[in-house]
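A.B. asks: Return a 3D structure for these sequence lines:
(2 chains)
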Amino acid sequence: MTMRSTSLRKTTIASALSVLVLYGGLILSLGWFFDGPVLRDALVSERTLFSVRLSLLAATVATCLAMLLAIPAAYALSRYRFWGCELIDTLLELPLIVSPAALGAMLLIFFNNPLGVWIQDHIMRIVFTFAGIVLAQFVTILGIATRLLKIAFDEVPTELETVARTLGATPCHAFLTVTLPLARRGVIAAFILSWAKALGEFGATIMIAGTMAMRTETLPSAIYLRLASADIEGTVALILVLVFIGLTALFISRRLLGKGAHA
Amino acid sequence: MLELKSVTVSAGNFRLQDIDLTLAEGECHAVLGPSGSGKTTLLNTVLGVLSPERGRIRLDGVDITDVSVERRGLGYVPQNLGLFPHLSVRDNLAYSPRARGLSRTQFQPMVDTLVEATGIGALLDRQTTTLSSGERQRVGLVRALASQPRLVLLDEPFTALNESLRRELWWLMRELRQQHGLTVMIVTHDLTEAYFLADNVSVLLEGRVIQQGEKAAVYGRPVSPAVAHFLGVETLQPGRVMIVKEGLATVEVGGAQLLAIAPPGVREHVLVSIRGEDVILQRGAGEISSARNRLPARVVSVQPGSPLMGVELDAGFPLFALVTRPAYEEMNLRPGDPVTAIIKAPSVHLIVRTP
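C.D. replies: The predicted model follows:
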């Protein structure tokens, strides 16, 4: 029994360490092409700073919009049985099973059909604009955000809402004072993971917004363009910027969620 | 006070049918039933979480069938108490008055009185997750009562506690009822708890109220074999009514004859129901007593128990008696010993068997 559990311990810890070796190794391998002056130049270049600002702003706007829709949607999927709820539940994984490029292509095709053209002509220009970047990121993260929030709401017992209502709270008041505070760790985790995913989004963004320098060039697009032009050192510098921002966000999320929390 | 009239409600595959239930002002009413009998469904219907397909619910004469949960003015303590883990005890207690828009001066005196009565003053700044079981129960009760509900609903709130703590809280509940004139509906599968706390009981089996009335009457005179089984009647034997005279029925049970109060509409074939605590045992032929039934019997086995010992007898039919430990030790009963089983006629209850 002891031998078996020791063997299990060794095997599982080795698996966990292999994750570290894989991702850590990939990051460390960047060092082979690391060039300090190039990194410094990249960090202070107007074009890079624009890409960073654009990526941070678009990811934040897209995540806020996604949360505004995902919170009520996830609550409905968690609490009510209604027509179409199982179909919606299945569709939440669409961005995971369909490649981001395909998702972006679907958006581009939509904006070339009569309804999409009308929207572009009368409401807002989407294709090759900042709004297009936000929309691509929004579509990519909405399903994941809703799934994570649904899990968070599922973990709050409905009985607590019933008790709150017997104590005089309206359903809305019960949601705001009981359900949401109890699900707050899940909500924060959903926000930060969705934001991180939006920040690194590339496939859908390039399809609908393109990669126009100083206009729609996000950080992942900039990485792609640098690599396409065989600028390896510049690519490494931008990857390090993206990794730094992403890991910082995840670190903050773990701090916010408390020690031992799994984002 | 509370009146359910022909209420039918479905929850998943379960159906609660034609429930008629009445609670008077200041009454404690226990809804008794085994797991899966529909107790929680009934409670959820009164709370307003479930809507009846048919029937009406009235509270203080006002139809509340379609009134939302928060506007029914009910206090509720669920089985796991439902304390809000993200709030302190103080904030849990203030939740209801705040949700109802009461000012501090309106609710604080009541909360203070309840806090003092239940002895939870030292816990007010604690998080509910750090409380012991007994402390949690007290906080749950005070929170439900803080907004002075018209009716308090308790869903097996004392089930998970140890025996001494349970009894302590039963007494506390009794005191709170007396002090605040509470009307209480408690659902439980615990017969002792229901007997201790309630004035009246309803027996709920498979989604229907089978029997309802004053607790002693329901316990002593079950209307059906199913109710008798659920209420833990130890002796339930088929019998044949031989003669009915002056309100007394002579019943043949196995090889013995018993005198019982004849129920209305008694027929030839009955089930004889006798509770173990109504059987008095005497060694040998026994002493003279006023009891109408004196049955010679032999001890078959003795079942240790606390606080009562079970004695299985052969009195011409299987008969079960409960005796106190001192009485058992004094009689020094052993299997095969001859005894006299004495049962008063009113303690022999006849259940009319449907053909």
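A.B. asks: if you average pLDDT over stretch B:36-53, what comes out?
C.D. replies: Mean pLDDT, stretch B:36-53: 90.
A.B. asks: Is there contact, residue-wise, from that stretch to chain A?
C.D. replies: Yes - applying CB under 8 Å from any CB of the partner chain, one finds stretch B:36-53 touching chain A at B:44, B:47, B:49. The way it works is simple: take the backbone N, C-alpha and C, and place the C-beta from them, glycine included.
A.B. asks: Now do the SS call for the closest residue to the first one other than its chain neighbours.
C.D. replies: Meaning residue B:44. Leaving out its chain neighbours, the residue that sits closest to residue B:44 by CB to CB, 6 or more residues apart in numbering or on different chains is residue B:50, at 4.6 Å. Here residue B:50 is recorded as coil under DSSP: H, G, I helix; E, B strand; the rest coil.
A.B. asks: do the same with residue B:249
C.D. replies: Classification of residue B:249 using three-state DSSP returns strand.
A.B. asks: Do you know the pLDDT at residue 182?
C.D. replies: All of this refers to chain A. Residue A:182 is assigned 94 on the pLDDT scale.
A.B. asks: not what I meant, chain B
C.D. replies: For residue B:182, the pLDDT comes out at 85.
A.B. asks: Surely it is within a helix?
C.D. replies: No - under three-state DSSP, residue B:182 sits outside any helix and is assigned coil.
A.B. asks: That one reaches residue B:197, doesn't it?
C.D. replies: No - counting by CB atoms under 8 Å, residue B:182 stays clear of residue B:197, with 11.1 Å between them.
A.B. asks: What separation is there between the residue nearest to residue B:311 when sequence neighbours are not counted and chain A?
C.D. replies: Nearest residue to residue B:311, sequence neighbours excluded (CB to CB, 6+ apart): residue B:321, at 4.6 Å. Distance of residue B:321 to chain A, computed by CB to the nearest CB, to the nearest Å: 43 Å.
A.B. asks: now residue B:198
C.D. replies: In this view, residue B:198 and chain A are 21 Å apart by CB to the nearest CB.
A.B. asks: Next up, the contacts around that residue.
C.D. replies: Residues near residue B:198 by CB atoms under 8 Å, 6 or more residues apart in numbering or on different chains: B:28-30, B:186, B:215.
A.B. asks: quick revisit: quick one, phi/psi of the residue nearest to residue B:311?
C.D. replies: Backbone torsions of residue B:321, given as degrees, to the nearest 10, read phi -120, psi 150.
A.B. asks: Retrieve the pLDDT associated with residue B:144.
C.D. replies: 89.
A.B. asks: Please name the residues that touch it.
C.D. replies: By CB under 8 Å, 6+ apart, the contact set of residue B:144 is A:166-167, B:75-77, B:152.
A.B. asks: what about it, which helix or strand?
C.D. replies: helix B:133-145 (DSSP states H and E).
A.B. asks: From chain A, how far out is the residue positioned nearest the centre of chain B?
C.D. replies: Chain B has residue B:194 as the residue nearest its centroid, 2.6 Å off, counting by CA atoms, centre = their mean. Distance of residue B:194 to chain A, given as CB to the nearest CB: 22 Å.
A.B. asks: which parts of chain B sit against chain A?
C.D. replies: For chain B, the residues in contact with chain A (CB under 8 Å from any CB) are B:44, B:47, B:49, B:68-70, B:72, B:74-76, B:78, B:80, B:82, B:84-86, B:95-97, B:99-100, B:143-144, B:147, B:153.
A.B. asks: Where strands are concerned, which of the residues you listed count?
C.D. replies: Taking DSSP state E as the definition of strands, the residues of chain B next to chain A contribute B:74-76, B:153.
A.B. asks: The helix or strand encompassing residue B:111 to helix B:133-145, inter-axis angle?
C.D. replies: Counting by DSSP H and E, the element that carries residue B:111 is helix B:104-118. Angle, helix B:104-118 to helix B:133-145, by axes from the mean of the first three to the mean of the last three CA atoms, to 10 degrees: 150 degrees.
A.B. asks: mind saving the C-alpha coords of helix B:104-118 as CSV?
C.D. replies: What follows is helix B:104-118, C-alpha atoms only, in CSV (Å, rounded to 0.1, in the frame of the first residue of the first chain):
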residue,chain,number,x,y,z
ARG,B,104,-31.8,50.0,12.9
THR,B,105,-34.1,51.4,15.6
GLN,B,106,-36.9,49.2,14.2
PHE,B,107,-35.1,45.9,14.3
GLN,B,108,-32.3,46.2,16.8
PRO,B,109,-34.4,45.7,20.0
MET,B,110,-35.9,42.5,18.7
VAL,B,111,-32.5,41.2,17.6
ASP,B,112,-31.0,42.2,21.0
THR,B,113,-33.8,40.3,22.8
LEU,B,114,-33.2,37.2,20.7
VAL,B,115,-29.5,37.4,21.0
GLU,B,116,-29.8,37.5,24.8
ALA,B,117,-32.3,34.7,25.0
THR,B,118,-30.2,32.4,22.9
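A.B. asks: What average pLDDT does that helix get?
C.D. replies: In this model, helix B:104-118 has a mean pLDDT of 82.
A.B. asks: Low-confidence ranges, chain A, go.
C.D. replies: Where chain A drops to pLDDT under 70, the residues are A:1-5, A:257-263.
A.B. asks: Contact distance from chain B - what residues of it qualify?
C.D. replies: Residues of chain A lying close to chain B by CB under 8 Å from any CB are A:157, A:159-160, A:162-170, A:173, A:177-178, A:181-182.
A.B. asks: which among these end up buried?
C.D. replies: A:159-160, A:162-169, A:173, A:177-178, A:181-182 (16 or more other CB atoms under 10 Å in any protein chain shown).
A.B. asks: got a list of what the closest residue to chain A within the stretch 251-355 of chain B touches?
C.D. replies: Closest to chain A within the stretch 251-355 of chain B is residue B:306: 34.4 Å, counting by CB to the nearest CB. For residue B:306, the contact set (CB under 8 Å, 6+ apart) comprises residue B:325.
A.B. asks: can I assume residue B:325 is in contact with residue B:307?
C.D. replies: Yes - assessed by CB under 8 Å, residue B:325 is found in contact with residue B:307 at 6.7 Å.
A.B. asks: out of the two, which sits in the busier spot?
C.D. replies: A count of neighbours by other CB atoms under 10 Å in any protein chain shown puts residue B:325 above the other of residue B:325 and residue B:307, at 13 against 7.
A.B. asks: tell me the contacts of that one?
C.D. replies: B:306-309.
A.B. asks: Show me those residues that map onto strands.
C.D. replies: B:308-309.
A.B. asks: Kindly reformat the contacts of residue B:325 as TSV containing pLDDT.
C.D. replies: Formatted as TSV, those follow (pLDDT from 0 to 100):
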residue	pLDDT
B:306	71
B:307	75
B:308	84
B:309	86
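A.B. asks: now, which of the contacts of residue B:325 sits nearest residue B:205?
C.D. replies: For the contacts of residue B:325, the residue nearest residue B:205 by CB to CB is residue B:308; the value is 25.8 Å.
A.B. asks: beta partners of the closest one?
C.D. replies: Per DSSP bridges, residues listed as beta-bridge partners of residue B:308: residue B:324.
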